[in-house]
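J.: Got a predicted model here, sequence first, then my questions.
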Amino acid sequence: MKFTSPETAQGKRFYARNVERFNSLLLEIRNEARTELAEIDNNVNLRKRSVEKVYSGKPHCCMCGCAGKYSYSTGMAKNEHQVENKASVTRVFNTVMSDDRSEYHADANCVCLDTPTRRYVVYFKK
């Protein structure tokens, strides 16, 4: 393909066509992503009000609680050792759900996010 300068009339037409093509492709990708998210949201209720508990701990460790902390949503703690902490639940939920690297695991009904320094997990009610 021969390089066309954007200052020439031919170059302006070339760039205008490609910008239109790029914008339409970008719009199509965004619409597909919205459709996929809507389908996921219909199948799984991934909303803050349906959070059972969250975990925040060191990465590459077990998740028994020795290297991290579980926090429970209001009304979800089943004994005195399970701590209800609305602020922690909100912070972890917002961190996990806003990051593109988060992964949904259907078997555990949770969304996980591993960063170089932390592991975050949001567990949803079944």
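T.: Now that the structure is in, tell me what you want to look at.

J.: And the strands in the chain, which stretches?
T.: Remark: strands assigned in the chain by DSSP state E are 51-57, 68-72, 103-105, 110-114, 119-124.

J.: got the domain boundaries for the chain?
T.: Using automatic domain parsing, the domains assigned to the chain come out as 1-43, 48-124.

J.: Highest mean neighbour count out of those domains?
T.: Most buried of these by mean neighbour count (mean count of other C-beta atoms under 10 Å) is domain 48-124; its value is a mean of 15. Every residue, glycine included, has its C-beta placed from N, CA and C.

J.: re the thing from before, the domains of the chain: lowest mean pLDDT?
T.: Lowest mean pLDDT within these: domain 1-43, at a mean of 64.

J.: most centrally placed residue in the protein?
T.: Met97 (3.6 Å; C-alpha atoms, centre = their mean).

J.: I'd say it and Cys110 touch.
T.: No - taking contacts as C-beta atoms under 8 Å, Met97 lies outside contact range of Cys110: 11.9 Å.

J.: so what sits against both of the two?
T.: Val122 (C-beta atoms under 8 Å, 6 or more residues apart in numbering).

J.: Export the strands of the chain to a markdown table and append columns for distance to Asn85.
T.: Listed next are the strands of the chain as a markdown table, based on distance: least, C-beta to C-beta, whole Å:
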| stretch | distance to Asn85 |
| --- | --- |
| strand 51-57 | 9 |
| strand 68-72 | 4 |
| strand 103-105 | 23 |
| strand 110-114 | 18 |
| strand 119-124 | 14 |
